[in-house]
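Peer 1: no FASTA, just this:
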């Protein structure tokens with residue numbers, strides 16, 4: 001089996017994720033790593049992402065919504081409702097949002113809609129809202145929206 005440079009970097013990245021983030025399920029890890037890929041829009045810096053995750057003292061809270069691109073508004077509403085129901089004790093340091101879809105479904109207006117809605121849902125509770133859109137050819141005809149932030153506690 002041949003492993004290319006990007007696969008090696010991903011394996012190293014996985015080994016570098018702080019152990020307290022291990023509570024996140026695999027899909028959240030996959031989406032966070034995809035947001036660091038060079039073709040993500042914009043690509044999140046791996047070092048910045050790792051520092052943000054390390055600052056969270058325990059397992060971060062996450063929410064994932066998947067649906068057809070025409071159902072993006074429903075996915076956004078589900079995420080905003082989940083954020084509103086998630087009790088926060090104190091000020092959030094960082095929230096990370098990743099929108100995934102295939103190259104035919106992932107469009108700029110989707111990114112703007114997601115960023116605006118999540119920014120509005122978080123209000124002034126966060127100092128850093130990081131957003132990335134990453135292509136995933138396996139998501140033919142569907143999109144996935146992942147939100148990860150400090151856990152309450």
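Peer 2: Here it is on my side, so go on. All of these numbers come straight from a predicted model, not from anything done at the bench.
Peer 1: output the contacting helices and strands for the helix or strand where residue 54 lies.
Peer 2: Secondary structure assigned from DSSP states H and E places residue 54 in helix 46-55. Here helix 46-55 touches helix 5-16, strand 92-101, strand 126-135, going by 3 or more C-beta pairs under 8 Å, 6 or more residues apart in numbering; DSSP states H and E. All C-beta spots, glycine's among them, are computed from the backbone N, C-alpha and C.
Peer 1: for residue 141, give me its contacts.
Peer 2: 68-69, 102, 105 (C-beta atoms under 8 Å, 6 or more residues apart in numbering).
Peer 1: so which of those belong to strands?
Peer 2: Counting by DSSP state E, no part of these is found in strands.
Peer 1: let's see if you can find the most crowded of those.
Peer 2: residue 105 (19 neighbours; other C-beta atoms under 10 Å).
Peer 1: low-confidence stretches in this structure?
Peer 2: 1-24, 56-59, 87-93, 151-153 (pLDDT under 70).
Peer 1: just give the number of residues close to residue 32.
Peer 2: By other C-beta under 10 Å, the residues close to residue 32 number 27.
Peer 1: touching, it and residue 94? I think so.
Peer 2: No. Under the criterion of C-beta atoms under 8 Å, residue 32 is not in contact with residue 94, lying 11.9 Å apart.
Peer 1: what's the farthest-apart pair in the contacts of residue 141?
Peer 2: Pairwise distances across the contacts of residue 141 peak at 11.7 Å for 68 and 102 (criterion: C-beta to C-beta).
Peer 1: who touches the host helix or strand of residue 78?
Peer 2: In the assignment (DSSP H and E), residue 78 maps to helix 72-85. The contact list for helix 72-85 (C-beta under 8 Å, 6+ apart) reads 63, 65-67, 110, 113-114, 117-118, 120-122, 143, 145, 147, 149.
Peer 1: how about it: buried residues?
Peer 2: 72, 75-76, 78-80, 82-83 (16 or more other C-beta atoms under 10 Å).
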